[in-house]
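Novice: show me the folded form of this:
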Amino acid sequence: MRYLTLLIVFMLFSCHLTPAIAGVPNDAKQHQRELTRNARAIFGLDAPVSLFAAQVHQESRWKVNAKSHVGAQGLAQFMPATADWISSAYPKTLGSNEPFNPSWSLRALIQYDYWLYQRINETASDCDRWGFTLSAYNGGLGWVNRDRQRAKREYQDATHYWGVVENINGGRKSINFKENRDYPIRIIYRWQPVYITENWGLGVCDD
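Specialist: Prediction:
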């Protein structure tokens, strides 16, 4: 019994350490310079490059030709409709609409994050703002707005993502809600530390 207990504890501890042990995938390293260049071009010199790297990791594990069962494509896992929209919105830099081109895909991911980030206002902290932003990337800005509106109707502080709106479902199916809420957590708290440790650059929610 004691042996079994120790084994369970060891397995749980090992799972907790998995991100640090796993490190940055080899497929990622060839794209580091391109990701950094685009991040700084859009967000400035203090861009959270490690956050964006973690997001690509979560989306596609840095597989350039990744394609999901629902049709999401490339490093950033853009759906065709989203790729069409962003290529029209930013014709000079993204007009070619090439989701399987790593340069296009990295630029599109960061540009879309920026577009969402700019439209999420009145947040308690920058960390909350990024929670909302990543939730919107995964599930759409409309759902973020519905969640925040429901929070207000329930007399809760809709400026807080973490611990408040994070727990409020504006109408999604439960399976979609769980996936959406796991998304920011995995990026910020599971994968981002891996890239910070490997000196990819700044992150978020570190205060």
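Novice: neighbours of His69, just the number please.
Specialist: When counting by other Cβ atoms under 10 Å, one arrives at 5 neighbours for His69. The C-beta positions use only the backbone N, C-alpha and C, and glycine is treated the same way.
Novice: so it belongs to a strand, correct?
Specialist: No. Counting by DSSP: H, G, I helix; E, B strand; the rest coil, His69 falls outside a strand, being coil.
Novice: so how far is Val204 from the residue nearest the centre of the chain?
Specialist: Central residue of the chain (Cα atoms, centre = their mean): Gln55, 4.0 Å from the mean position. In this view, Gln55 and Val204 are 11 Å apart by Cβ to Cβ, to the nearest Å.
Novice: by average pLDDT, which secondary structure element in the protein comes out worst?
Specialist: One helix or strand of the chain scores below all others by mean pLDDT, DSSP states H and E: helix 2-22, with a mean of 42.
Novice: which is the succeeding secondary structure element to that one?
Specialist: Downstream of helix 2-22, the first helix or strand assigned by DSSP states H and E is helix 26-29.
Novice: C-terminal to that next one, what's the next element?
Specialist: helix 32-43.
Novice: show residues contacting that next one.
Specialist: 47-49, 52-53, 56, 102-103, 106-107, 110-111, 114, 200-201 (Cβ atoms under 8 Å, 6 or more residues apart in numbering).
Novice: for it, what is the average pLDDT?
Specialist: Helix 32-43 comes out with an average pLDDT of 98.
Novice: do the same with stretch 69-88
Specialist: 97.
Novice: one more: stretch 114-132?
Specialist: 98.
Novice: and for Ile196, the neighbour number?
Specialist: 19.
Novice: which parts of this structure are strands?
Specialist: Remark: no strands are assigned in the chain by DSSP state E.
Novice: once you drop chain neighbours, what's closest to Leu202?
Specialist: With Cβ to Cβ, 6 or more residues apart in numbering as the criterion, Leu202 has its nearest non-adjacent residue at 4.9 Å, and that residue is Pro48.
Novice: surely the one you found meets Trp200?
Specialist: No. Using Cβ atoms under 8 Å as the test, Pro48 is too far from Trp200 to be in contact (9.8 Å).
Novice: contact partners for Ser60?
Specialist: Ser60 neighbours (Cβ under 8 Å, 6+ apart): 66, 74-77.
Novice: let me fix that, I meant to ask about Tyr90.
Specialist: So Tyr90 contacts Gln111 (Cβ under 8 Å, 6+ apart).
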